[in-house]
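Visitor: Okay, predicted coordinates and the sequence, questions at the end:
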Amino acid sequence: MKNKILDKFIENLKKAGGEILDEIPENWYKTRALLGVAENGAVWVDEYKKKLFLSENVAIILDKNSIVEDMTKAMDYINSPGVFISGPSKTADVESFLVYGAHGPIRVGIYLI
Amino acid sequence: MKTALFVPCYINELYPDVARDTAILLRNLGVNLEIPINQTCCSQPFLNSGYESSLPDNFNEIFEKYDYIISPSSSCTATIREAEIKSSNKTFELVEFLHDILQLRNLLKNHPPIILHNSCHSLRALLEGSPSELNIPYFNKIKNVIGCRILEAKRDECCGFGGIFSVKEGFLSYIMGKSKLEDLLNEDNLKEIKTTPIITGVDMSCLMHLESVAKKENIKAKFKHISSLLLEGIQ
Amino acid sequence: MKHQDLAIKFYKEKGKKHDKALWAIRQKRDKAIKGVKEWEILRREASEIKDYVIENLKELIDEFIKNAKNEGVEVYFAKDAKEHNEIVLKLLKEINAKKIVKSKSMLTEECSLNEFLEKNEINVIDTDLGERIVQLRGEKPSHIVLPAIHTTKEDVAKILNETNTDPTYLTRKMRALLRKEFLSADAGISGANFLVANKGYAVVCTNEGNADLGAILPPLHIISVGIEKIIPNMKDLGLFLRMLARNATGQAITTYSTIFGKKDNGKRIIILVDNGRFERLNTKFKETLKCIRCSACLTTCPVFRRSGGHSYRYIIPGPIGSLLAPLKDKNEYNDLPFACTLCGSCEMVCPVKIPFSKQLREMRKYVTNENIMVKIAEKSMHSATMFKLFSKIIRLTPKPILEKTLNQWSQYRALPAIPKERFIK
């Protein structure tokens, strides 16, 4: 069951343009997510810092066991401000072409522990 | 079972054959059908143009005594349903009646492929089929009743008739009709058709609009109301 | 010019491409919602939550204000656009702001905030790439989620004085230009997608991250939001976040869904705006207050796809705009509820089940003046004898006169032939 949720999380993270990191590259901005959401590949980060948005590359550390099925379930654990992030910043405003790195990070990787 | 035929006013004026075919079809299927001669209009032209109308009350007075009221038009049927009068839930679009009440299937089983235009009111107001917008399993009552190979458009969008729309926004109405025809007669559909394509549907209003666009565009196709098609099949 | 003329103009220029692009998004949306097996149940729940909200709006606003203040956020209430704009100006003047970065907010568009601030010598930079494109073109957004859907990559290259039309190149170029603006702005303004009453949080969803940069970099962040964006609690937020992006663009969720409370390095202020909303609660159009601005009704509308957003001339176009615009100006927008075939597609995609067909018919009534001739015609149709007489007159009317009367039809195709005999004689 847990594995199925993890697989779904990874699949949806990739759909959102995100990636799974085997190791955290140097000079990537590092932060930690408290929660992952399988249905959309989003992670919940409550450390709302400038660098999370200004950095070109962001690595987010996530505990494999902290992935929930969907947003409704995620809300059971959320009790403070913060941000759900699903993949890199993106836009399709130039003639509907999808481009990563609109204003925020161009790459967002999840490092699973 | 006391059953009445409600003839939409535009069908009475412009397509008397469709009214006749509907009546003969129902009678051939054993329905004891009455045709009240004092009937007029469901009020749709007024309501859709921004005016009040008490025509549904008038409709109710004429039809209330029947068990079933059958109409060869999904949009007039929808108007009566939405009016929430006593007759509302007894009023059925022809195919809806054949499918849900008489429970008939496969009336044209061996017919060569036919192209079906699913009209908006049939699909989205009466749910005679599953609209692509909803997350519900696919079904189509018209297909079930016909039973032969049915070809549809790739997009189940509006043909652009829209009653008052067709005379307020003539250009868009025409453009939408054109793209609907192109879609109904798409390459994949035409591959399966040997002779002049037949386009059918439950609403003569959409077919009237599509036919006039086809004429203008020199597109070869026959437009046949579902009642005429089914009648040919059972005769 | 009215919708029918603007539609012709737009369609001939860009209609086919526009239609194709939006239909592709509609298909992505269909695929996404079909991936959620309980989708139709979610729609029912979302609709019920919104019904509850509009029935209890006053109480929910009070609850929100109390909790937001506890959280450390200042809250203002503006009764109309004018008051809203003045509050914003006052707040900006207090810190002597010269330049603000703004992310997408339909509310500030509704209040014409940009024009107001520019008049008061405050430079407003729209930061959503689509909105920046239309701002540089001197236009308004043509779609509430895809503001520049009516433009091409050539159009974008032109406003940037570039010859390279590669979308990645152009996006990077705009990113670099706007990054400078973010870093030097005095304040950020954004809208909000949801306000959570029992927490006092404001929630903003974007794909680009521009709302976040505008919220986190400058010392002042102002959130301008319509009061109907309130929802009761976090559980409801979870539900709406499942639906919003899927229904809008087919994404499972937007890249960023930020829950804002107190600002760490400065001040966050929320301005709740009424601007006719409370009044609308007492009208037949109160259900339009359920709208979450997902834009699915625009994208699916077969008329919108072909006529483009600007043909509606109101900041919110498409089916929902055709309900909102006439409430602002009945005469100016009296054509909009008729720019519609009543096909019902908007109603089917609506995540909160606004009964569009009924509302649009009601809106047609609202913009239509009583007409004595129509009244006579309606009355005469109560009688089959009168109808028959009417039918005779039509049959005796020479074809050219009929064609002239129905010229919008006959201009583009032939009228059907009228048979000699009726069915019921």
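Guide: Perfect, I can see it now.

Visitor: Could you find the closest non-adjacent residue to residue 14?
Guide: Just going to use chain A. Nearest residue to A:Lys14, sequence neighbours excluded (Cβ to Cβ, 6 or more residues apart in numbering or on different chains): A:Gly41, at 7.2 Å. Backbone N, C-alpha and C define where each C-beta goes, glycine included.

Visitor: looking at chain B here, not the other one
Guide: Using Cβ to Cβ, 6+ apart and skipping residues adjacent in sequence, the residue nearest B:Leu14 is C:Pro416, 5.7 Å away.

Visitor: List the residues that contact the one you found.
Guide: B:Leu14, B:Met208, B:Glu211, B:Ser212 (Cβ atoms under 8 Å, 6 or more residues apart in numbering or on different chains).

Visitor: what sits against the most centrally placed residue in chain B?
Guide: Residue closest to the average C-alpha location in chain B (Cα atoms, centre = their mean): B:Val202, at 1.9 Å. B:Val202 sits next to B:Pro72, B:Ser73, B:Ser74, B:Glu93, B:Leu94, B:Val95, B:Ser119, B:Ser122, B:Glu128, B:Ile142, B:His225, B:Ile226 when contact means Cβ under 8 Å, 6+ apart.

Visitor: picking up where we left off before, Three-state assignment for the residue nearest to B:Leu14, please.
Guide: Here C:Pro416 is coil, with the state taken from DSSP: H, G, I helix; E, B strand; the rest coil.

Visitor: distance of it from chain A?
Guide: Using Cβ to the nearest Cβ, to the nearest Å, C:Pro416 is found at 40 Å from chain A.

Visitor: got it, and C:Leu129?
Guide: From C:Leu129 to chain A the distance is 4 Å (Cβ to the nearest Cβ).

Visitor: Compute the number of surrounding residues for residue 73.
Guide: You didn't say which chain, so I picked chain A. A:Lys73: 15 surrounding residues under other Cβ atoms under 10 Å in any protein chain shown.

Visitor: if you could check chain C rather than the one you did, that'd help
Guide: 23.

Visitor: Kindly state the pLDDT recorded for it?
Guide: With respect to pLDDT, C:Val73 scores 97.

Visitor: quick one on the thing from earlier: which one of the contacts of C:Pro416 is nearest to chain A?
Guide: Nearest to chain A, judged by Cβ to the nearest Cβ, of the contacts of C:Pro416 is B:Ser212 at 34.2 Å.

Visitor: hang on, that closest one in a strand?
Guide: No: B:Ser212: not assigned to a strand; according to three-state DSSP it is helix.

Visitor: Pull the number of nearby residues for it.
Guide: Residues near B:Ser212, counting by other Cβ under 10 Å: 22.

Visitor: now the contacts of C:Pro416 in CSV, with pLDDT?
Guide: Formatted as CSV, the contacts of C:Pro416 follow (pLDDT from 0 to 100):
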residue, pLDDT
B:Leu14, 95
B:Met208, 97
B:Glu211, 97
B:Ser212, 96
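
Visitor: Now do the same contact list for C:Pro232.
Guide: C:Pro232 touches C:Ile49, C:Tyr52, C:Val53, C:Leu60, C:Val196, C:Ala197, C:Asn198, counting by Cβ under 8 Å, 6+ apart.

Visitor: For C:Gly130, state which of these is nearest.
Guide: Checking the contacts of C:Pro232 against C:Gly130 by Cβ to Cβ gives C:Val196 as the nearest, at 26.9 Å.

Visitor: Wait, the closest one touches C:Lys235, no?
Guide: No: in terms of Cβ atoms under 8 Å, C:Val196 does not count as a neighbour of C:Lys235; the distance is 9.8 Å.

Visitor: more neighbours, those two?
Guide: More neighbours surround C:Val196 than the other of C:Val196 and C:Lys235, with 25 against 15 (other Cβ under 10 Å).

Visitor: what is the more buried one paired to in the beta sheet?
Guide: C:Tyr201, C:Ile231 (DSSP bridges).

Visitor: what sits against it?
Guide: Residues in contact with C:Val196 (Cβ under 8 Å, 6+ apart) are C:Phe64, C:Ala202, C:Val203, C:Ile231, C:Pro232, C:Asn233, C:Met234, C:Asp236, C:Leu237, C:Ile259.

Visitor: From chain B, how far out is the second one?
Guide: Distance, C:Ala202 to chain B, using Cβ to the nearest Cβ: 30 Å.

Visitor: count of neighbours near that residue?
Guide: 29.

Visitor: what's near enough to touch it?
Guide: C:Ala202 makes contacts with C:Ala68, C:Val73, C:Ala192, C:Phe194, C:Leu195, C:Val196, C:Ile223, C:Val225, C:Ile259, C:Phe260, C:Ile270, as judged by Cβ under 8 Å, 6+ apart.

Visitor: again with the last one
Guide: By Cβ under 8 Å, 6+ apart, C:Ile259 lies in contact with A:Ile78, A:Ser80, A:Pro81, A:Gly82, A:Val83, C:Val196, C:Tyr201, C:Ala202, C:Val203, C:Leu237.

Visitor: change it to 7 Å
Guide: A:Pro81, A:Gly82, C:Tyr201, C:Val203 (Cβ atoms under 7 Å, 6 or more residues apart in numbering or on different chains).

Visitor: Check the secondary structure at A:Ala59 for me.
Guide: At A:Ala59 the chain is in strand, as set by three-state DSSP.

Visitor: mind saving the C-alpha coords of the helix or strand encompassing C:Ala176 as PDB?
Guide: Element membership for C:Ala176 (DSSP states H and E) is helix C:167-184. Extracted in PDB, the C-alpha atoms of helix C:167-184 (Å, rounded to 0.1, in the frame of the first residue of the first chain):
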ATOM      1  CA  PRO C 167       9.000  30.400 -26.200                       C
ATOM      2  CA  THR C 168      11.800  29.300 -23.800                       C
ATOM      3  CA  TYR C 169      14.000  32.200 -24.900                       C
ATOM      4  CA  LEU C 170      11.200  34.700 -24.600                       C
ATOM      5  CA  THR C 171      10.100  33.300 -21.200                       C
ATOM      6  CA  ARG C 172      13.700  33.600 -19.900                       C
ATOM      7  CA  LYS C 173      14.000  37.100 -21.200                       C
ATOM      8  CA  MET C 174      10.800  38.200 -19.400                       C
ATOM      9  CA  ARG C 175      12.000  36.300 -16.200                       C
ATOM     10  CA  ALA C 176      15.200  38.400 -16.200                       C
ATOM     11  CA  LEU C 177      13.400  41.700 -16.800                       C
ATOM     12  CA  LEU C 178      10.800  41.000 -14.100                       C
ATOM     13  CA  ARG C 179      13.300  39.700 -11.600                       C
ATOM     14  CA  LYS C 180      14.800  43.200 -11.500                       C
ATOM     15  CA  GLU C 181      11.400  44.600 -10.800                       C
ATOM     16  CA  PHE C 182      10.700  42.100  -8.000                       C
ATOM     17  CA  LEU C 183      14.000  43.000  -6.300                       C
ATOM     18  CA  SER C 184      13.400  46.700  -6.500                       C
END
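
Visitor: which residues sit against that helix?
Guide: Here helix C:167-184 has contacts from A:91, A:94-95, A:97, A:99, A:101-103, C:99, C:101, C:125, C:127, C:129, C:132, C:153, C:156-157, C:160, C:162, C:213-214, C:217, using Cβ under 7 Å, 6+ apart.

Visitor: May I see the buried residues of it?
Guide: Within helix C:167-184, the residues that count as buried by 16 or more other Cβ atoms under 10 Å in any protein chain shown are C:Pro167, C:Tyr169, C:Leu170, C:Thr171, C:Lys173, C:Met174, C:Arg175, C:Leu178, C:Glu181, C:Phe182.

Visitor: How about the contacts made by B:Phe63?
Guide: By Cβ under 7 Å, 6+ apart, the neighbours of B:Phe63 are B:Ala4, B:Phe6, B:Ile69, B:Ser87.

Visitor: excluding its backbone neighbours, what's nearest the residue of chain B found nearest chain A?
Guide: Taking Cβ to the nearest Cβ as the measure, chain B has B:Asn135 as its residue closest to chain A, at 14.8 Å. Nearest non-adjacent residue to B:Asn135, counting by Cβ to Cβ, 6+ apart: C:Trp39, 4.0 Å away.
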